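**Q** What follows is a predicted protein model with its sequence.
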Amino acid sequence: MAGDGGATGRHETQPAINIQINVIVQQLAQTDYEVALKLEGKAESAGSVLFAFELIFAGVFRVQNVPAETLQPLVMIECPRRYARGEPPARMEKPGAPEASLSHC
């Protein structure tokens with residue numbers, strides 16, 4: 001019967017779900033950066049953990065010929081996006097500028 005809390009007559013509470021996404025960047029050499037995309041999650045109900053997970057996608061990227069003002073967005077956004085999607089290394093070109101490259105080491 002609708003509204004009676006189900007067959008047991010109890011009202012179940014929704015679990016509290018917490019998901020965190022972090023990007024961790026460590027410069028290894030002048031052009032090489034280790035970039036990790038870390039996903040963590042947990043579901044809890046009535047003081048008990050129903051499930052928890054931690055996934056880390058990481059790679060080393062060689063970044064060359066990239067203007068200083070675009071370096072941070074590149075390693076914090078573009079590198080993890082490409083790596084998580086399994087995209088191959090790429091070369092990025094802008095007319096009139098030296099060829100920029102982003103490659104997995």
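**A** Looks like it came in fine.
**Q** where along this protein do the strands fall?
**A** Counting by DSSP state E, the chain has strands at residues 16-27, 32-45, 48-64, 90-92, 100-104.
**Q** Report the beta-bridge partner residues of the closest residue to Ala84 other than its chain neighbours.
**A** Distances taken as C-beta to C-beta, 6 or more residues apart in numbering put Phe57 closest to Ala84, at 4.9 Å, once the chain neighbours are dropped. Where C-beta positions appear, they are placed from N, C-alpha and C, glycine not excepted. Per DSSP bridges, the residues bridged to Phe57 are Leu37.
**Q** Please report the distance of Phe57 from Leu39.
**A** Phe57 sits 8 Å away from Leu39 when distances are taken as C-beta to C-beta, to the nearest Å.
**Q** Tell me, what's the model's pLDDT at the residue nearest to Ala84?
**A** On pLDDT, Phe57 comes in at 83.
**Q** okay, the residue nearest in space to the middle of the chain: pLDDT?
**A** Most central in the chain under C-alpha atoms, centre = their mean is Leu37, positioned 3.5 Å from the mean C-alpha point. Leu37 is assigned 88 on the pLDDT scale.
**Q** Alright, that wraps it up for me.
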